[in-house]
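# Starting from these lines, generate the structure:
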Amino acid sequence: MCSTFKSISETILLPLVFVNFAGIFFTMHNLRNTIERAWEDSSYRSESCVHDAVNKVISLLNIGEVRVAEPIGDSWRVNDWVKKAVLLYFPLQKMHTTHCGPLEFHDKIPLKSDYAKQGVRVVPHAIARYGAFISQGVILMPSYINIGAWIGCDTMVDTWATVGSCAQIGAGVHLSGGVGIGGVLEPVQAAPVIVEDGCFLGSRCIVVEGAHIGKEAVLGANVVITASTHIIDVTGNNPVEYKGFVPPRSVVIPGSYPKRFPSGEYNVPCALIIGKRKSATDLKTSLNNALREFDVAI
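Sure thing, here's the model as predicted:
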């Protein structure tokens, strides 16, 4: 059974108090105000209370009790103050060397640990940085998860897939081999990449620049989604175009469209929505049907 963490913003009305590593008490209001002040006033950043607050926020990110972005009803909210804490964390950290057998790493951010306790399967050489949250039941094949990322329960991160900083990956998602999920730290108000529950991203898909993949969508191999990608629904009599967003349950393949340049007309890449998953079947059957019906390469 997958355990679910409530984010702080979901429980903000409760009288929550957090204790940091030094035994200093922080309320949610305390944490946010300290981070915001340090962000605006660089002279304040040397204060020990700022270091304590930043470390506390990263520790809460690490266990999933705060998120860089979170669903609020049918929309998503970016918690930009949390992103500010991540950005403030880097200059506070010192470089250190870590050894893992004959392997050596030299970096500012430690790696996650205690995977058995968290119920996460980690295959060598999967790497996740401290400050990323990985839910129970996740399987990490040799892959990379960056700080601030959030991964929902029972998700598969396949071989050589990468999940960039602050990306939000839902539950029951499959990121196939070589999938690239982009990171977004700056500007702080920018939305991170969001892949909602139940999505299937085929081999070598790229999703970057804060693009949003709706619930249970299927992306065929080599689909590229950026903030400016033309995402064209070709299932009706007339095309319907989206940018930066794939609607829920869409089945998407790579495509192209003609564009005129000074030297002539050429085809440029786009993404084509060629159908929808069937709502009458469960996700696994629906995925198989989608692949057979639309002949999507995965």
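
# pretty sure residue 87 belongs to a helix, no?
Yes - the assignment for residue 87, made by DSSP: H, G, I helix; E, B strand; the rest coil, places it in a helix.

# so who does it touch?
Residue 87 makes contact with 185, 186, 188 under the criterion CB atoms under 8 Å, 6 or more residues apart in numbering. In this view, the C-beta of every residue, glycine as well, is placed from N, C-alpha and C.

# how does it look with 7 Å?
For residue 87, the contacting residues are residue 185, by CB atoms under 7 Å, 6 or more residues apart in numbering.

# Report pLDDT for it.
Per-residue pLDDT puts residue 87 at 96.

# ditto for residue 81
According to the prediction, residue 81 has pLDDT 95.

# Isn't it up against residue 32?
Yes - with contact defined as CB atoms under 7 Å, residue 81 and residue 32 form a contacting pair (5.1 Å).

# Tell me which of those two has more neighbours.
Each of residue 81 and residue 32 has its neighbours counted (other CB atoms under 10 Å); residue 32 has more, 21 against 18.

# hang on, the more buried one in a helix?
Yes - assignment of residue 32 by three-state DSSP places it within a helix.

# which residues sit in contact with it?
Contacts here follow CB under 7 Å, 6+ apart; on that basis residue 32 touches residue 81.

# Report the separation between it and residue 122.
Distance, residue 32 to residue 122, by CB to CB, to the nearest Å: 32 Å.

# what do you get for residue 100?
Shown here: residue 100 relative to residue 122, a distance of 12 Å by CB to CB.

# The two: which is more packed in?
More crowded of residue 100 and residue 122, by other CB under 10 Å: residue 122, with 21 against 11.

# just checking, the more buried one touches residue 115?
Yes - the pair residue 122 / residue 115 is scored as a contact, 4.9 Å apart, by CB under 7 Å.

# what about the helices in this protein?
Secondary structure of the chain by DSSP state H: the helices cover 28-40, 48-62, 80-92, 115-118, 283-294.

# so who does the nearest residue to residue 208 once chain neighbours are set aside touch?
Of all residues not flanking residue 208 in the chain, residue 182 sits nearest, at 3.0 Å (CB to CB, 6 or more residues apart in numbering). For residue 182, the contact set (CB under 7 Å, 6+ apart) comprises 164, 193, 207, 208, 209.

# what's the most distant pair in the residues you listed?
Greatest spacing in those, by CB to CB: 164 and 209 (10.4 Å).

# Pick out whichever of the two has more residues nearby.
Comparing residue 164 with residue 209 by other CB under 10 Å, the one with more neighbours is residue 164, at 21 against 17.

# Can you tell me how far the spatially closest residue to residue 60 that is not a sequence neighbour is from residue 214?
Distance criterion CB to CB, 6+ apart; nearest residue to residue 60, sequence neighbours excluded, is residue 66 at 4.4 Å. For residue 66, the distance to residue 214 (CB to CB) stands at 24 Å.

# okay, these two: which has more neighbours?
Higher neighbour count among residue 66 and residue 214: residue 66, with 27 against 18, using other CB under 10 Å.

# Fine, thanks again, bye for now.
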